[in-house]
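**Q** got a predicted model here, sequence first, then my questions.
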Amino acid sequence: MDAVCPVSPHHQEANSSKLKIASVKTLAESSNLASIPSHYAYTTSAFVDQAIHDDSIPVIDFSLLSSSNPDQRSKAISDLAKACEDWGFFMLINHGVPESRMKETVEALMGFFDLTDEEKSEFEGKHVLDPLRYGTSFKASVDKVFLWRDFLRLTVHPKFHCPAKPEGLSKVLAEYSGALRKLVRELLKGISEGLGLEPGYINEAMNMDSSLQILAANLYPACPQPELAMGLPSHSDYGLLTILMQNGVGGLEVYHDGKWVKADLIPNAFVVNTADQLEIMSNGKYKSVLHRAVVNNKAARLSIPFSTGPSLDTVVVPAKQLVDGEPNQAMYISMNYKDYMEFKQSKVIDGISYLNQKSNIFRFMPISARIALSRSRDDNEVFRPIRCMQWVVPIEYSGK
C-alpha cells in the first residue's frame, strides 16, 4: 500500500533552495536535454503499482439529468449516485459546454504558458489563498525533488481573477468558468437527490452563491525520462467537486479497489471527481478518492481542473438527514472551510507528504479522527497522520 501515496524524495546533496529553477517548459525545450536533472528524479518505488486500463469508469450522460422524462431522469440520478459511491470519479458526456469553447480555453491557457519566464513570473504568488498564482513544481524554494509541471491557479468566484497576459485570456476564462459554474450547480442538485436530500440542499447548505471556485492549469511537458519524474503525486481534492478538462493527452490515474486505473480519454468529455467536503457532507458515503498525474515522453499534457468548494466561511458538517443515530452516527467534526484549507496546507512538510507502514492505520480513520489525533501528537512520534495521510496534502495539488 505504500506506493499509493507519494514516495519520500531523494535528499539531494545540493540545497534545492539554492538551485536556479526556471519553468519546466523551458527546461524541456532545451535542445540538449537527454535526461532529467537529478532534482527532478524520484525513487522508483513511486511507480511500483503500474496503472491498468479499465473501461468500467462510469459514464454519466448529463442531458438525462435534465430530461423531462421522469423515468430517464430517475435512472440518471441513480447512475450518478452509484458512480459517486462506487468510484468517486466519472466521465461526463453531453454536458452542454460547446466543443469550441473547450478548445478555445485550452489554446488560451497554452498561450499563457508560451509567455517568457520573465513575463509569467509577474504572476507568482506566495500564500495558499492568493487569488492568482503561477509557479513550477509545488514550492520550488523548498522542494527537495521537483514536480515535472508548471501551473497557473486562479480564483474565479466569488471574484474573478486572471493574468493580464496574453491578450484575450481573461475573456475566454470568464466565459468558460461561467459555463462550468452552471454545470456544477446542476450536478450538485442531482447529487443531492441521489443522497435522498432535496435538490437544492447542497447548494443552500454550502452557500454556493459565494462558492470558492478555482480554475487551475497544469502543464506537463514531454519528459525524456517519464519513469523517473512525477507530474503530481497521489492526492485527494479539498473541495466538493472537481471538473477536469484535458488537451487530448492522457496521464490521469485513479486509485480504485486496491489498484491504479488509467482514466482513458473520451473526446469532449469532462472527468468529474468527488472531493473532501462532499465526503464530509455525505458522512462518508461518497469518498474523496486518490488520484495522480503521470508524465510521458511524447507530448505535452495540459490539464485544466475546475475546483468548486463551499464559501470560505461555510462550516461543513454531515447532512443531518444522513445522521440518524446507530448505525449512522456523524463520522466527521465540523470545520470552517477556510480553516480546513489552511490547516491542510500548514501541515505539509518538505512540500510533499507520504505514507509509511506504521501510519497505514490512519488510512481507515475518518477525517475528524485524523485531525483530532494530529492535534494531540507531536510530528516526531511514531504515528504521523498529518504528514502521512492522503487528506493532508498541499492544496496546490489541485490538478490531475
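**A** Sure, I can see it.
**Q** low-scoring stretches of the stretch 1-150 of the chain, by residue?
**A** The stretch 1-150 of the chain contains residues with pLDDT under 70 at 1-21, 43-49, 138-143.
**Q** now the residue of the chain most remote from its centre: how far from Leu183?
**A** In the chain, the residue that sits farthest from the middle, by Cα atoms, centre = their mean, is Asn69; the gap is 34.1 Å. When distance is defined by Cβ to Cβ, to the nearest Å, Asn69 is 21 Å away from Leu183. C-beta here means a position set from N, CA and C on the backbone, and glycine is covered the same way.
**Q** just checking, Ala319 touches Gly196?
**A** No - counting by Cβ atoms under 8 Å, Ala319 stays clear of Gly196, with 9.1 Å between them.
**Q** looking at these two now, which is surrounded by more residues?
**A** More neighbours surround Ala319 than the other of Ala319 and Gly196, with 19 against 12 (other Cβ atoms under 10 Å).
**Q** for the more buried one, give its distance to Thr242.
**A** Here the criterion is Cβ to Cβ. By it, Ala319 lies 20 Å from Thr242.
**Q** could you do Arg301 as well?
**A** Using Cβ to Cβ, we find Arg301 at a distance of 17 Å from Thr242.
**Q** who's more crowded, these two?
**A** The residue with more neighbours, out of Arg301 and Thr242, is Thr242; 28 against 24, by other Cβ under 10 Å.
**Q** pLDDT at that one, what is it?
**A** With respect to pLDDT, Thr242 scores 98.
**Q** phi first, then psi, for it.
**A** Main-chain dihedrals, Thr242, degrees, to the nearest 10: phi -120, psi 130.
**Q** residues contacting it?
**A** Contacts for Thr242 (Cβ atoms under 8 Å, 6 or more residues apart in numbering) come out as 272-273, 275, 305-308, 398, 400.
**Q** measure it to Glu193 for me?
**A** Distance from Thr242 to Glu193, by Cβ to Cβ: 20 Å.
**Q** cool, and Tyr255?
**A** From Tyr255 over to Glu193 the distance is 27 Å, taken as Cβ to Cβ.
**Q** redo the contacts of Thr242 as CSV? Include distance to Thr26 and pLDDT.
**A** Shown next, in CSV, are the contacts of Thr242 (distance: Cβ to Cβ, whole Å; pLDDT from 0 to 100):
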residue, distance to Thr26, pLDDT
Val272, 33, 98
Asn273, 31, 97
Ala275, 32, 95
Pro305, 23, 98
Phe306, 27, 98
Ser307, 27, 97
Thr308, 32, 98
Ser398, 23, 53
Lys400, 23, 71
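**Q** how long is stretch 253-263 end to end?
**A** 6 Å (Cα to Cα, to the nearest Å).
**Q** whoops, stretch 205-214 was the one
**A** Length of stretch 205-214, first residue to last, Cα to Cα: 19 Å.
**Q** quick check: mean pLDDT of that stretch?
**A** 97.
**Q** in it, what's buried?
**A** Within stretch 205-214, the residues that qualify as buried are 205-208, 211-214, counting by 16 or more other Cβ atoms under 10 Å.
**Q** just stretch 263-271 next, same as before
**A** Quick answer for stretch 263-271 (16+ other Cβ under 10 Å): 263, 265, 269-271.
**Q** check stretch 104-112 too.
**A** Neighbour counts over stretch 104-112 (16+ other Cβ under 10 Å) mark 104-106, 108-109, 112 as buried.
**Q** closest one of those to Lys259?
**A** Nearest to Lys259, judged by Cβ to Cβ, of these is Val106 at 30.1 Å.
**Q** what helix or strand is that closest one located in?
**A** helix 99-113 (DSSP states H and E).
**Q** convert the C-alpha atoms of that helix to CSV, please.
**A** Listed next in CSV are the C-alpha coordinates belonging to helix 99-113 (Å, rounded to 0.1, in the frame of the first residue of the first chain):
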residue,chain,number,x,y,z
GLU,A,99,-16.5,21.9,-28.0
SER,A,100,-15.4,25.2,-29.5
ARG,A,101,-15.4,26.8,-26.0
MET,A,102,-13.4,23.9,-24.6
LYS,A,103,-10.8,24.2,-27.4
GLU,A,104,-10.6,27.9,-27.1
THR,A,105,-9.9,27.6,-23.4
VAL,A,106,-7.1,25.1,-23.9
GLU,A,107,-5.5,27.3,-26.6
ALA,A,108,-5.8,30.4,-24.4
LEU,A,109,-4.1,28.7,-21.5
MET,A,110,-1.3,27.3,-23.7
GLY,A,111,-0.8,30.9,-24.8
PHE,A,112,-0.1,31.8,-21.2
PHE,A,113,2.5,29.1,-20.8
